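Enquirer: Here is my input, please return the structure:
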Amino acid sequence: MKKSILLLMSVQFFVYLGFGIIIPILPEVIVQQNLSEIHVGGLLTVYSLASFFTAPFWGSFSDRTGRKKLIIVGLIGFSLSFFLFAFFIENLTMLYLSRVVGGIFSGALYTAVTGFVGDMTTEENRNKYMGLLGMSIGLGFIFGPAIGGVLGHSNMQLPFLASGILTLLLVIYTVAILKEPERLGEANKRTWLPKGGATLWQYRIRNLFLVSFMVTLILAGIESTFQLFQISAIEITPKQVGYLFMASGFVDAAIQGGVVRRVKNGSETKWILSGQIVTAAGLILIPFTGSLFWAGVALAVFTAGNALSRTILVSLTSKESGGKYGTAAGMTYSMDNMGRIIGPLLFTWLFTRMTGEIYYISAALAIISIVFIFMYRKSSKTLRSV
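Expert: Have a look, this model is predicted:
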């Protein structure tokens, strides 16, 4: 199991490295080519749109055909997206195509990896391994912007070429090392459940999907407006923003590796509630930041709460899925991507009208999301007892 987990952590790391690596480069690419700044948002949005529409298919596909095959396909497709971006960096149409390809195959990797962990773990140890995967996601967010900024400083194509090559090497390692998991617990007993994600919405797991949407909606809002607000508040530079997001990435990884993996089975909802309260506190602090240090503190508090809620939700959703781990993971990923589609557009639009007050709205949404957790607790319509 140790080799498998290490490999799966590597896959998750590269998926989120690929997401983060574009952050410091994309605006520069658009500006240098004298293109409309709207394409920055457009290139971010099409990635999430592609993931949103394809993740449920990938999840169902992996439930039927196996996880390893989908991981290999996903890695090859994901590496292709890096090479397309690098080789056609001056062609706007091809840049859009590269982002669509990246979104499609990142959805495949997410659902396959999450389903793989669901297959080979039990309810008692799943939090531990989901926490390790979450830690690798945090590390991807840490090193993604850093690698993009450092390598892209001399050549904007270099970080994408490097990522594409490393991802292809990971394909070779996957073929040689990874073995298809033997399904444990519910994965064997629930195979008779109806196929497709629509069935899951008839049970209380739907409340977890809605919380996932809210968590990601708020996160996407921060990613799209934090730098804009801090420019007006403390005249922050892109380099400083990179340092702050790197620091928040370390906070994310620490929460995933040090806290989430120790959450006991049955106590997940308490931790999610706590995470959303901490998230709201961090959001309320942002409008009051008057220096780089306090901007970092506010971002770190927000990140700690968001990381706690996000990963425990993934683990709890897999337990509540009745063995349809891949399908549930695909549905969760689609809800996450809906948040990433709506969040940047919604919060950027609100920012142009009320600047820092948008973070009070975000904090209110974090508190409102707690209602869905109470609805989940109250409902007895669970796939666990079917």
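Enquirer: what's downstream of the helix or strand bottoming out on mean pLDDT in the chain, the next helix or strand?
Expert: When the helices and strands of the chain are compared on mean pLDDT, DSSP states H and E, helix 186-189 comes out lowest with a mean of 38. Proceeding C-terminally, helix 186-189 gives way to helix 205-234 as the next helix or strand, assigned by DSSP states H and E.
Enquirer: what is the mean pLDDT for the following helix or strand past that following helix?
Expert: The C-terminal neighbour of helix 205-234 among helices and strands, as given by DSSP H and E, is helix 238-258. If you average the pLDDT over helix 238-258, you get 75.
Enquirer: Next: stretch 39-58.
Expert: Averaged over stretch 39-58, pLDDT sits at 79.
Enquirer: Ok, stretch 16-32 next?
Expert: 74.
Enquirer: C-alpha coordinates for whichever helix or strand residue 172 is part of, CSV please?
Expert: In this structure, residue 172 is located in helix 158-177 according to DSSP H and E. Listed in CSV are the C-alpha atoms of helix 158-177, where the atom choice follows Å, rounded to 0.1, in the frame of the first residue of the first chain:
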residue,chain,number,x,y,z
LEU,A,158,10.1,26.3,-19.6
PRO,A,159,7.8,25.4,-16.7
PHE,A,160,5.3,23.8,-19.0
LEU,A,161,7.9,21.7,-20.8
ALA,A,162,9.4,20.6,-17.5
SER,A,163,6.0,19.6,-16.1
GLY,A,164,5.0,17.8,-19.3
ILE,A,165,8.2,15.7,-19.2
LEU,A,166,7.9,14.9,-15.5
THR,A,167,4.3,13.8,-16.0
LEU,A,168,5.3,11.4,-18.8
LEU,A,169,8.0,9.9,-16.5
LEU,A,170,5.2,9.4,-14.0
VAL,A,171,3.3,7.3,-16.6
ILE,A,172,6.2,4.9,-16.8
TYR,A,173,6.4,4.6,-13.0
THR,A,174,2.6,4.0,-12.8
VAL,A,175,2.8,1.2,-15.4
ALA,A,176,5.6,-0.5,-13.6
ILE,A,177,4.6,0.0,-9.9
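Enquirer: Now do the buried residues in that helix.
Expert: For helix 158-177, the neighbour count (16 or more other Cβ atoms under 10 Å) marks 158, 159, 160, 161, 163, 164, 167, 168, 170, 171, 174 as buried. Every residue, glycine included, has its C-beta placed from N, CA and C.
Enquirer: what would those look like in a markdown table with distance to residue 110?
Expert: Written out in a markdown table, the entries for the buried residues of helix 158-177 read as follows (distance: Cβ to Cβ, whole Å):
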| residue | distance to residue 110 |
| --- | --- |
| 158 | 26 |
| 159 | 21 |
| 160 | 20 |
| 161 | 24 |
| 163 | 17 |
| 164 | 19 |
| 167 | 15 |
| 168 | 19 |
| 170 | 15 |
| 171 | 17 |
| 174 | 15 |
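Enquirer: Let me know whether residue 72 touches residue 173 as I believe.
Expert: No. With the criterion set as Cβ atoms under 8 Å, residue 72 and residue 173 do not qualify as a contacting pair; they are 10.5 Å apart.
Enquirer: one step back: which outside residues touch the helix holding residue 172?
Expert: For helix 158-177, contacts defined as Cβ atoms under 8 Å, 6 or more residues apart in numbering pick out 3-4, 7, 10-11, 14, 17-18, 21, 25, 68, 71-72, 75-76, 78-80, 82-83, 85-86, 89, 147-148, 151-152.
Enquirer: can we see that at 7 Å?
Expert: By Cβ atoms under 7 Å, 6 or more residues apart in numbering, the residues outside helix 158-177 that reach it are 3, 7, 10-11, 14, 17-18, 21, 25, 71-72, 75-76, 78-79, 82-83, 85-86, 147-148, 151-152.
Enquirer: Tell me the buried residues within those residues.
Expert: Burial by neighbour count, 16+ other Cβ under 10 Å: within the contacts of helix 158-177 this picks out 7, 10-11, 14, 17-18, 21, 25, 71-72, 75, 78-79, 82-83, 85-86, 147-148, 151-152.
Enquirer: What's the local residue count around residue 257?
Expert: The number of residues packed near residue 257 is 17, by other Cβ atoms under 10 Å.
Enquirer: Skipping adjacent residues, who's closest to it in space?
Expert: With Cβ to Cβ, 6 or more residues apart in numbering as the measure, residue 135 is the residue that lies nearest to residue 257, at 3.8 Å, once sequence neighbours are left out.
Enquirer: how many other residues sit next to that neighbour?
Expert: Close neighbours of residue 135, defined as other Cβ under 10 Å, add up to 24.
Enquirer: Quick one, grab the pLDDT at it.
Expert: The per-residue pLDDT reported for residue 135 equals 70.
Enquirer: which SSE is it in?
Expert: In this assignment (DSSP H and E), residue 135 forms part of helix 126-154.
Enquirer: So residue 144 versus residue 6, what's the distance?
Expert: Distance of residue 144 to residue 6, given as Cβ to Cβ, to the nearest Å: 20 Å.
Enquirer: Between the two, which is the more surrounded one?
Expert: It is residue 144, of residue 144 and residue 6, that has more neighbours when counted by other Cβ under 10 Å, with 27 against 13.
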